[in-house]
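K.L.:
A predicted structure for the sequence below; I have some questions about it.
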Amino acid sequence: QRSEVVCACRRGKLRQIHTAWRAPSSPTPLLQAFHAAHQLVTMKSFAVALVAALAGSAHGFAPAPSAAKASALRAEMPADYEGLIGISNECGNKFFDPLGLAKYIPAKFAREAELSNGRSAMLASVGWLWPQYFGTFDSTDVTSTDPFKAFVEADPQWWAQFIIFCGTIEAIKYRGALEGKSYTGGGEPVVDWMKSYPAEEDARREMELRELKNGRLAMIAVASYVSAHFIPGSVPAFGPDFV
């Protein structure tokens with residue numbers, strides 16, 4: 001069953017002896033087990049290689065780390081915004097700035113603009129709904145409950161009075177600021193005719209937060225009024241006859 005093949009070079013210096021085993025006519029159980037183990041190892045190696053290839057290709061669909069880092073940078077709070085009230089459960093108790101505008105707008109200006117717009121929106125919300133549910137005052141010029149028509153119907157003298165009134169309010173705010181008072185919170189108020197501003201710091205911050213929340217809600221409300229006015233049915237809470 002065994003044959004030895006001896007190959008010698010012509011000069012007789014190098015010899016290579018190859019021993020070849022002739023497989024028997026019927027494989028032995030030991031040989032069969034060896035072939036089975038060899039096939040199993042080969043299949044496992046192929047499976048491991050396939051999984052590695054798929055994992056490498058799937059890596060191309062993973063989000064780039066730079067995008068995650070950029071979104072995290074947009075959520076960072078600038079230093080001058082720290083200490084301002086306004087972060088509450090409506091925004092997950094986190095600084096809400098999805099567009100990253102805070103780094104371009106000073107905190108003092110942003111707070112003044114937010115409070116001014118919020119206070120104006122609270123007045124506008126009452127002025128929008130009052131004529132529709134309670135009617136208009138006895139007037140010969142403004143007879144419409146449509147706010148945009150009322151702008152046109154109002155007498156120019158009324159507009160002059162309104163502009164003078166707004167200018168007076170701004171002058172009072174400016175004079176109070178020169179005296180060291182504040183119209184945005186965080187100090188003695190410019191106007192407190194009813195003496196309702198508390199003396200305790202915690203109570204003051206709570207009142208300022210309530211004003212901010214009411215102003216933000218009023219701005220959203222006025223935006224919904226305008227949408228329902230120009231696009232009837234766009235706001236489910238208002239019927240098609242809402243003006």
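P.N.:
Arrived safely, thanks for sending.
K.L.:
Could you give the number of residues near residue 117?
P.N.:
16 (other Cβ atoms under 10 Å). For the C-beta atoms, the positions are set from N, CA and C on the backbone; glycine is no exception.
K.L.:
In contact with it: list those residues for me.
P.N.:
Counting by Cβ atoms under 8 Å, 6 or more residues apart in numbering, residue 117 touches 215, 219.
K.L.:
now swap in residue 106 and tell me
P.N.:
residue 80.
K.L.:
Quick check: it vs residue 185, distance?
P.N.:
Counting by Cβ to Cβ, to the nearest Å, the gap from residue 106 to residue 185 is 16 Å.
K.L.:
can you check residue 194 too?
P.N.:
Remark: distance between residue 194 and residue 185 (Cβ to Cβ) = 17 Å.
K.L.:
Repeat that for residue 128.
P.N.:
From residue 128 to residue 185 the distance is 27 Å (Cβ to Cβ).
K.L.:
before we move on, what about residue 195?
P.N.:
Applying Cβ to Cβ to residue 195 and residue 185 gives a distance of 17 Å.
K.L.:
where does this protein have low pLDDT?
P.N.:
Within the chain, the stretches with pLDDT under 70 are 1-75.
K.L.:
where do the helices sit along the chain?
P.N.:
29-58, 65-74, 107-134, 147-153, 156-178, 201-230 (DSSP state H).
K.L.:
Does the fourth one pack against any helices or strands, and if so which?
P.N.:
So the one you mean is helix 147-153. helix 107-134 (3 or more Cβ pairs under 8 Å, 6 or more residues apart in numbering; DSSP states H and E).
K.L.:
Enumerate the positions of the helix it packs on that are buried.
P.N.:
107, 110-111, 114-115, 117-119, 121-122, 124-125, 128, 131 (16 or more other Cβ atoms under 10 Å).
K.L.:
go on, stretch 201-210?
P.N.:
204, 208.
K.L.:
more neighbours, residue 195 and residue 185?
P.N.:
residue 185 (18 against 6).
K.L.:
got the phi/psi numbers for the more buried one?
P.N.:
Torsion angles at residue 185 (phi, psi; degrees, to the nearest 10) stand at phi 90, psi 170.
K.L.:
so it touches residue 85, yeah?
P.N.:
Yes. When contacts are counted by Cβ atoms under 8 Å, residue 185 is listed as touching residue 85 (7.0 Å).
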